[in-house]
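Undergrad: Structure of the sequence below:
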Amino acid sequence: MLDIEKLEEQLFEMQDLKYRDFHSKLLPGIDKETLIGIRTPMLRKFAKEFAKTPEAEEFLQVLPHRYYEENNMHMMIVTGIKDYETCLAEVKKFLPYINNWATCDLPAPKCFAKHREELLPEIRSWIASGEIYTIRYGIGLLMSFYLDEAFEPEYLELAAGVRSEEYYVNMMIAWYLATALAKQWEATIPYLEERRLPEWVHRKTIQKAVESYRITPEQKVYLKSLR
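TA: I've put the predicted structure just below:
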C-alpha cells in the first residue's frame, strides 16, 4: 500500500537546498515551494529502485503530484516500462500533467524505438494538441527516433509547420531543426534558404546549428549568411 507521506519523507532526505535554489532559476513559472531539490542522478537511482516495488504502480495513479521531483520520478518510471502498449497508455495519461521543460525532456521510453510506425500517429496527434508540453514532447520524439534510418522528409513539416507564441514550443522546434541540419542537411536546409519558418525560429535554428559540433565549419559559414 502506497504511503505518499512516507515517500515524500524519503525524497526530502535527498534534498540539496543549494541545488534547489540553482535549479529553480531554470524553471520560471514553477513555484519554488514545489521543488524539493534533488540532483537528477540521485533521483534516477531512487526511481529505478522504487519502480521494482508494488507501490510504483499505485504511485502512477496518484495525479496530480505535489512536487516537481515526483513528476520527474513518474516520467522515469514510465520510461522504464518495457511493454509498448502499457508504456504508451501511461505516457498519454501523464502528458496533461507536465508543466515544465525539464520533466518533458527526460529520456524517451526505449520501447518506443521498436514501434516507430505505430507511434507516429500518436506523435502527430500530440503535435497538433495545442498543449505546450504535449507539443514539445511530440517534437522531442521526432528528434529522438526519426532523424536517422527512420527519417522521411515529410516529418520535418510536422515540426516546422507548428505556429506558436510559446517559448518552450518554439525552442524545441529550433532544437529539432538544428539537429535535423546535422543529420539530414539536404532535406532541412531549404527551410532556412526559403525562409519558411517564423523569424524567431529561423534565427534560433541557425544559432543552435552554428553552436553544434556536428555541423561542419563550411556549413556554419553558409548558415550565418542566411541570418
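
Undergrad: Can you show me the helices along this structure?
TA: 4-12, 17-24, 40-50, 55-59, 68-79, 84-94, 101-104, 116-127, 132-145, 154-160, 167-183, 185-193, 199-211, 217-225 (DSSP state H).

Undergrad: of all the ones you listed, which lies closest to residue 34?
TA: Checking those against residue 34 by C-beta to C-beta gives helix 68-79 as the closest, at 5.4 Å. Using the backbone N, CA and C atoms, a C-beta is placed for each residue, glycine as well.

Undergrad: so for the closest one, what's the average pLDDT?
TA: Helix 68-79 carries an average pLDDT of 98.

Undergrad: low-scoring stretches of the protein, by residue?
TA: Within the chain, no range satisfies pLDDT under 70.

Undergrad: Give me the residue at the spatial middle of it.
TA: Note on the chain: the residue nearest the mean C-alpha position is residue 105, at 2.4 Å, using C-alpha atoms, centre = their mean.

Undergrad: isn't that one right next to residue 143, touching?
TA: No. Under the criterion of C-beta atoms under 8 Å, residue 105 makes no contact with residue 143, lying 10.1 Å away.

Undergrad: coming back round to it: now the helices of the chain in a markdown table, with distance to residue 110 and mean neighbour count?
TA: Output for the helices of the chain, formatted as a markdown table (distance: least, C-beta to C-beta, whole Å; neighbours: other C-beta atoms under 10 Å):
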| stretch | distance to residue 110 | mean neighbour count |
| --- | --- | --- |
| helix 4-12 | 25 | 13 |
| helix 17-24 | 26 | 14 |
| helix 40-50 | 13 | 15 |
| helix 55-59 | 17 | 16 |
| helix 68-79 | 7 | 23 |
| helix 84-94 | 9 | 16 |
| helix 101-104 | 18 | 20 |
| helix 116-127 | 12 | 16 |
| helix 132-145 | 10 | 22 |
| helix 154-160 | 20 | 18 |
| helix 167-183 | 19 | 21 |
| helix 185-193 | 26 | 16 |
| helix 199-211 | 26 | 18 |
| helix 217-225 | 31 | 12 |
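
Undergrad: Can I get the ones you listed in TSV including distance to residue 30?
TA: Below are the helices of the chain laid out as TSV (distance: least, C-beta to C-beta, whole Å):
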stretch	distance to residue 30
helix 4-12	16
helix 17-24	7
helix 40-50	16
helix 55-59	21
helix 68-79	6
helix 84-94	17
helix 101-104	9
helix 116-127	22
helix 132-145	12
helix 154-160	25
helix 167-183	12
helix 185-193	32
helix 199-211	23
helix 217-225	33
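
Undergrad: Verify the stated contact: residue 15 with residue 35.
TA: No. Assessed by C-beta under 8 Å, residue 15 is found out of contact with residue 35, at 9.5 Å.

Undergrad: Can you pick out the residue with more neighbours from those two?
TA: Higher neighbour count among residue 15 and residue 35: residue 35, with 18 against 14, using other C-beta atoms under 10 Å.
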